[in-house]
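> Return atomic coordinates for the entry below.
(chains A and B)
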Amino acid sequence: MTLNRLPDPGKRLSIRDLSKLYNEFVALDHINLDIEQGEKIVVLGPSGSGKSTFIRCLNRIEPHNSGVLMIDGKIIDQKTDLTELRGRVGMVFQNYNLFPHLTVLENCAVAPRLVRSIPRGQAEDTARRILAQVGIAEQASKYPIQLSGGQQQRVAIARALCMDPEIILFDEPTAALDPEAISGVVLIINDLAAQGITTVCVTHEMGFARRIADRIVFMDKGRVQEITPPEEFFTAPRSARARAFLNEMIRF
Amino acid sequence: MRRTGLLGVLIAGLVTMLATISARAEAPPSFAANGTLTACTNPTLPPMTFVNGAEASALAGFDIDLVREIAGVWNLRPDIVQMDFEGMFPSLSAGRCGMVISGVMRQATRERNFDAIPYYESAMVVIARTGTPKISSFSELSGQTVAIETGTSYGRLIEIENAALAARGKPPIRVQLYPSEDQVIQQVLLGRAHAAMSQDVEVLYRRRQLGGKVTTIFKPDIPDFHDFAIYIRKDSVDKARLEQAVDELRRRGTLTALAHKWNIDDTLEEAAPTRGAPSRFDVQTFLSALVSRAFFKGASMTLIMALLSHVTAIAISIPIALALNGRRSLIQPVLSAYVAVFRGAPTLLQLLFIWNALPQFLPIFRESWFTPFLAAWISLSINESAYQVEINRAALRAVDRGQSLAAEALGMKKSHVYWHIVFPQALRIALPPTINDFISLLKTTSLASVISLQELLAVTQIQVARTFQFTEYYSAALVWYLGIVFFFLYVQKRIERRFTWADRDKAAAHDA
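Residues are numbered from 1 along each chain as shown, chains lettered A, B, ... in the order given. Down below sits the predicted model:
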């Protein structure tokens, strides 16, 4: 796939030569990628390939060092208002990072209240609606510690959705889930795409990647090795590295 | 011409009148400021200076009356400040006291640094329990234990004697030091010390109080223990003026009257009435002490001081803990040094330093606004903050980094992240050690009695010195301390109930 040298303001996300350094170590090396509205992107790659760093650059939890990151035609750099950016780009963490001292409902309502100054009643009404949408309305008054892994995952997604984002980043969403719960996450992500929300998802789970991805971004050593639709990636990967990676995955 | 002459005569007459008036009123000394004569005393030496009654402020005794008389001579308002014996001379140097009058002997070594003005003759005595055989020299105490008050000069006397004993190959006199005269006598009563050293006036008073349980076994003639003296900072003019005032009182017969009032003119000590020995534990005394205003005030002071200091300490410690946990910066070594110094130095030393040493460097701390309360508050807050920094650091670190990351990913400001996400979780971890520290601090406040803060233990000791019923008063203090501590343990339990979120079973129970 060939991309224009300049970022495309018509795309939801347009990334050009994005690089990230940790002192001498090059974590991300000239990443180029365009993502459409409502698209489901899965980032695959071996450990240390830079895929988590990549999605953390998208909401500037890790600021990039060079290159261009553009969201809806706006360049994201040190001048960007982080509150606004993070309202548009939500994130679901690998171990969810729910706030243990708040109930499920409060976990969902706390950020809209503090960041957007939405009154408590209104924020909680929205939270209840979204909790119902992800299928855990009845858990609203519980504390995170009382929930199963799958339920916690749904709270984490609901918490991100309460900020009404355009993009949601998932860091290993299936790492701690049983197969049944994984199916639940697939349904939710498809539902998000149907609402026009773009998802970028880092995972190790090949089956999961194959079921949800519109496109697979394969990374190794901080570089994008190939960007392909899932059927093609899993049957006929273009890059030698991807082939080696898939062989490794099959062996275990 | 005539008119001017008349005016001249009038002015001359006025000047003469004024001169006569000022000559009649004695000139006050330089240490009397704003019409006030400040005298420091340690009220644990009856009948010279002690607390007479249940109120800690009810000072009485020969010395107290004398201060009032001297102030009267100069038309000054007497202001009597009570403090620990050891605190008095540093306070005199620091300018916090105009004079020290506390049953202190006139001694050559003390006169090197201060001026002493003798006001009453006395004699040193060695006392022991009634029935102990009399002795004729200190060497007969060889191998025995003798109790003496800390800060008094009896210790040096024994050192000299011990050197002589050692030269003759004899065992030394063992010395036990106690912070107040009443505790010294307690040791004799308990049999822990064979004898104690004191002044004859004290023993007269104690004999009446103890119903003849102690007796004088030796009355050495030592020049350093002949006169009670008032001490002032070195100033020959002030010394002369004070001597003049004391002479004036002697001439008027005031000193004799005071001696009679306090029963120290009567040297026929053996004739003192004997009273039945006090019972082992007087429930009546215990109960009335427990509910007395003095104990209530002492306990309130303890509680207020501990609460105020701890709240201040927490306020100081949170920013320090955040800075120490945060990115490397130049301020970190400074803060680490702060924690190390104030955690390392004994609390008692910090109190003494702030109260006595600070005014030496900064005269502003000599002024009356710098009260013992303020000094104790500052010292204890700084001291406690050093400990609290470590608690807060550990608690903040124990909150998973993912928590603030998740909050930031939701667009929260740093202050929101701390107040709504990190602090509530850190509080759960910090609460038990913080309450622990608070309980410890509550008891540490008792150290502030050295800088004359009238907290619970100071009040107790004053009562014990007055009555000698130590078991009863110690018990009452114990009940107060335990009552306060148990209350805060209950508060801790109540707060911990709000942390059910951290425990799956309890959270479920809370839910049901």
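
> got a list of what whichever residue of the stretch 151-252 of chain A sits closest to chain B touches?
Closest to chain B within the stretch 151-252 of chain A is residue A:163: 6.2 Å, counting by C-beta to the nearest C-beta. For the C-beta atoms, the positions are set from N, CA and C on the backbone; glycine is no exception. Residue A:163 is in contact with A:86, A:87, A:90, A:111, A:112, A:115, A:116, B:410, B:411, counting by C-beta atoms under 8 Å, 6 or more residues apart in numbering or on different chains.

> could you redo the last one with a cut-off of 7 Å?
By C-beta atoms under 7 Å, 6 or more residues apart in numbering or on different chains, the residues touching residue A:163 are A:87, A:90, A:111, A:112, B:410, B:411.

> And those residues, which is closest to residue B:292?
residue A:111 (56.7 Å; C-beta to C-beta).

> What sits closest to residue B:186 if chain neighbours are left out?
With sequence-adjacent residues excluded and distances taken as C-beta to C-beta, 6 or more residues apart in numbering or on different chains, residue B:186 is closest to residue B:470, at 6.3 Å.

> Quick check, residue A:246 in contact with residue A:237.
Yes. Using C-beta atoms under 7 Å, residue A:246 makes contact with residue A:237 at a distance of 6.2 Å.

> Which of those two has more residues huddled nearby?
More crowded of residue A:246 and residue A:237, by other C-beta atoms under 10 Å in any protein chain shown: residue A:237, with 20 against 17.

> Moving C-terminal from the strand or helix carrying residue A:181, which element do we reach first?
Residue A:181 is part of helix A:179-194, with elements assigned from DSSP states H and E. Following helix A:179-194 in sequence order, the next helix or strand is strand A:198-202 (DSSP H and E).

> pLDDT (mean, whole number) over that next one?
Averaged over strand A:198-202, pLDDT sits at 95.

> which residues sit against that strand?
Under C-beta under 7 Å, 6+ apart, the answer for strand A:198-202 is A:12-13, A:35, A:37-43, A:51-52, A:55, A:58, A:166-173, A:189, A:192-193.

> can you pull out the strands in the chain?
Unless you meant another one, I'm taking chain A. A:13-22, A:25-35, A:40-44, A:66-71, A:74-75, A:89-92, A:167-171, A:198-202, A:215-220, A:223-228 (DSSP state E).

> that answer is for a different chain, and I need it for chain B
B:36-41, B:44-45, B:49-51, B:59-60, B:77-82, B:99-100, B:114-121, B:124-129, B:145-149, B:174-178, B:195-199, B:214-218, B:227-233.

> right, and those strands - which one's nearest residue B:363?
strand B:227-233 (13.9 Å).

> Contacts for the closest one, please.
For strand B:227-233, contacts defined as C-beta under 7 Å, 6+ apart pick out B:31, B:48, B:92, B:98-101, B:103-106, B:110, B:114-122, B:238-239, B:242.

> now that strand and strand B:114-121, what's the angle there?
150 degrees (axes from the mean of the first three to the mean of the last three C-alpha atoms, to 10 degrees).

> angle of strand B:227-233 against strand B:36-41?
Calculated by the same axes, to 10 degrees, strand B:227-233 forms an angle of 130 degrees with strand B:36-41.

> Could you check the angle strand B:227-233 makes with strand B:195-199?
Going by the same axes, to 10 degrees, strand B:227-233 makes 70 degrees with strand B:195-199.

> Extract the C-alpha set from strand B:227-233 and format it as PDB.
Provided in PDB are the C-alpha atoms of strand B:227-233 (Å, rounded to 0.1, in the frame of the first residue of the first chain):
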ATOM      1  CA  ASP B 227      21.600  30.700 101.100                       C
ATOM      2  CA  PHE B 228      18.700  30.600  98.800                       C
ATOM      3  CA  ALA B 229      19.300  33.100  96.100                       C
ATOM      4  CA  ILE B 230      17.600  34.900  93.300                       C
ATOM      5  CA  TYR B 231      19.400  34.700  90.000                       C
ATOM      6  CA  ILE B 232      19.500  37.400  87.300                       C
ATOM      7  CA  ARG B 233      21.600  38.000  84.200                       C
END
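
> what is the rounded mean pLDDT of stretch B:403-411?
For stretch B:403-411, the mean per-residue pLDDT is 94.

> In contact with the most centrally placed residue in chain A, which residues?
Centroid check for chain A by C-alpha atoms, centre = their mean gives residue A:169 as the closest residue, at 1.6 Å. For residue A:169, the contacting residues are A:55, A:58, A:59, A:89, A:91, A:200, by C-beta under 7 Å, 6+ apart.

> please redo it, this time with the cut-off set to 10 Å
Residues in contact with residue A:169 (C-beta atoms under 10 Å, 6 or more residues apart in numbering or on different chains) are A:41, A:43, A:52, A:54-59, A:61, A:89-93, A:160, A:198-202, B:409.

> where does the chain have low pLDDT?
Just so you know, I chose chain A. Along chain A, the model assigns pLDDT under 70 to residues A:1-3, A:251-252.

> that's the wrong chain, I wanted chain B
Low-confidence segments of chain B, defined by pLDDT under 70: B:1-26, B:53-56, B:207-208, B:211, B:265-279, B:508-512.

> Which positions in it make contact with chain A?
B:399-413, B:415-417, B:419-425, B:427-428, B:498-508, B:510-511 (C-beta under 10 Å from any C-beta of the partner chain).

> In ChimeraX, how would I select the buried members of the residues you listed?
Under the burial definition 16 or more other C-beta atoms under 10 Å in any protein chain shown, those of the residues of chain B next to chain A that qualify are selected in ChimeraX by:
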select /B:399,403,404,405,406,407,408,409,410,411,412,416,417,420,421,422,423,424,425,427,428,499,500,501,506,507,510
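
> Good, we can wrap up now.
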